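Undergrad: Quick one, structure for this:
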Amino acid sequence: MITEPRREPPDSSPSPAGRWARGEGVAGNGTATPMDRAALTLTLSQGERGRTTALSRPNSGRCPEREASPVTRNACKLCAPLGACLALRGVEGAVPFLHGSQGCATYIRRYMISHFKEPLDIASSNFSESTAIFGGLENLRTGLENVVRQYAPQLIGIAGTCLAETIGDDVAFYLRQIAAEAGGPLPELVHVSTPSYRDTHAEGFQATVHALVDALARSGPRHDAINVLPGMISPADLRHLKGLFHDFGLEPILLPDYSSTLDGPVWDEYQRIPRGGTPVEAIHHMGSARATIEFGTWGLSRFLGQETTKMGLSPSAPSAHCQTAGALLEQRFGVPRFELPLPIGVTQTDRFTVVLTQLAGRPIPAAH
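TA: Numbers count the residues shown, from 1 in each chain. All right, here's what the predicted structure looks like:
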């Protein structure tokens with residue numbers, strides 16, 4: 001006896017994908033119009049990607065089983081202000097301030113708190129509909145006044161968001177005007193442009209470190225400290241880096257240093273600004289340091305438009321464009337720069353260790 005193959009009932013889903021698979025069209029009359037296809041595309045973009053094969057056979061009578069997607073989508077990886085907030089968290093007494101809508105600050109704050117399990121405040125200029133039309137000067141002024149009054153920070157880092165950048169707010173001009181009209185002293189104000197449609201969180205992080213050095217580094221007599229630009233690594237890695245430098249008898253200036261601000265002990269009472277981070281005074285001294293070690297920019301010189309001719313164990317030649325903080329310190333202040341990959345694996349760890357021995361003028365400590 002021949003048994004007819006079992007047929008699954010057609011998808012009764014009211015969604016556009018289900019009606020398309022039954023040959024009904026989105027309108028239910030069996031005709032697929034351009035509007036039907038647009039509605040289906042929208043539906044698929046909202047989570048029905050597994051049914052895309054139904055498009056190839058609209059009258060098949062059944063939808064294929066949903067297939068697991070190998071791609072993980074994470075909108076935060078495209079959020080440049082997130083990288084800016086992370087970098088600013090590594091500066092002592094700093095408050096991140098996003099010039100834009102409140103949702104940007106709330107979203108990034110929630111995301112970073114869930115990752116680091118640490119409290120984190122991010123200020124915002126809270127754009128409204130009228131602000132998006134007439135500009136955010138007054139919102140920025142009011143927001144900065146509130147932050148100064150409530151937090152008494154040493155530094156406020158103002159990062160631009162998509163909305164403020166799109167309408168063309170001249171934040172640098174706004175800050176000069178606010179400083180000129182201020183009735184009293186203001187903390188250090190550092191502005192960085194971080195629209196998410198241009199960069200990711202990684203570029204936002206690097207741009208913020210560059211902005212901090214650009215605004216705060218000063219020239220002066222040479223000292224023996226070593227600038228360390230570690231890139232976006234974990235708080236535990238930052239602590240280990242500092243320990244390595246101390247074992248070699250070197251004094252590092254890490255920027256940023258969120259090893260304690262984003263991985264600290266349990267507090268007896270709430271701190272509006274957690275203790276720790278790179279002191280602003282230390283950033284002033286970066287322009288007169290003995291050398292700079294810059295991690296994570298290995299191989300990025302061409303991508304960033306730089307014309308770096310020497311890389312590795314010897315300081316690189318002056319760059320044509322100051323796209324990284326290390327290149328800026330080298331070009332503006334003459335601080336020798338060592339561009340290195342992150343010390344992951346035997347080869348790159350050995351490369352980093354050789355640089356430390358050269359700078360320290362001593363052999364590798366027995367502990368290492």
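
Undergrad: quick one: Ala159 from Gln323, how far?
TA: For Ala159, the distance to Gln323 equals 18 Å [CB to CB, to the nearest Å]. C-beta coordinates here come from the backbone N, C-alpha and C atoms, glycine included.

Undergrad: higher neighbour count, the two?
TA: Higher neighbour count among Ala159 and Gln323: Ala159, with 33 against 19, using other CB atoms under 10 Å.

Undergrad: quick one: that one and Val171, what's the gap?
TA: Taken as CB to CB, the span from Ala159 to Val171 is 9 Å.

Undergrad: Please enumerate the shared neighbours of these two.
TA: By the contact definition CB atoms under 8 Å, 6 or more residues apart in numbering, Ala159 and Val171 are jointly contacted by His99, His191, Ser193.

Undergrad: Now for the second one, how many residues are close by?
TA: His191 has 21 neighbouring residues, counting by other CB under 10 Å.

Undergrad: ditto for the first one
TA: Counted by other CB under 10 Å, the residues lying close to His99 total 31.

Undergrad: who does it bridge with?
TA: Gly160 (DSSP bridges).

Undergrad: Low-confidence stretches in this protein?
TA: 1-78, 297-322 (pLDDT under 70).

Undergrad: which residues in it form helices?
TA: 16-21, 34-45, 80-88, 102-116, 129-134, 137-151, 162-167, 171-181, 201-216, 235-247, 280-284, 325-333, 346-360 (DSSP state H).

Undergrad: closest one to His223 among these?
TA: helix 280-284 (10.8 Å; CB to CB).

Undergrad: just checking, what packs against the closest one?
TA: Using 3 or more CB pairs under 8 Å, 6 or more residues apart in numbering; DSSP states H and E as the contact test, the elements touching helix 280-284 are helix 201-216.

Undergrad: tilt between the helix it packs on and helix 102-116?
TA: Angle between the axes of helix 201-216 and helix 102-116 is 100 degrees (criterion: axes from the mean of the first three to the mean of the last three CA atoms, to 10 degrees).

Undergrad: Could I get the phi/psi values of the closest residue to Pro279 other than its chain neighbours?
TA: Closest residue in space to Pro279, ignoring its immediate chain neighbours: Glu92 at 4.7 Å, by CB to CB, 6 or more residues apart in numbering. With angles defined as degrees, to the nearest 10, Glu92 sits at phi -60, psi 130.
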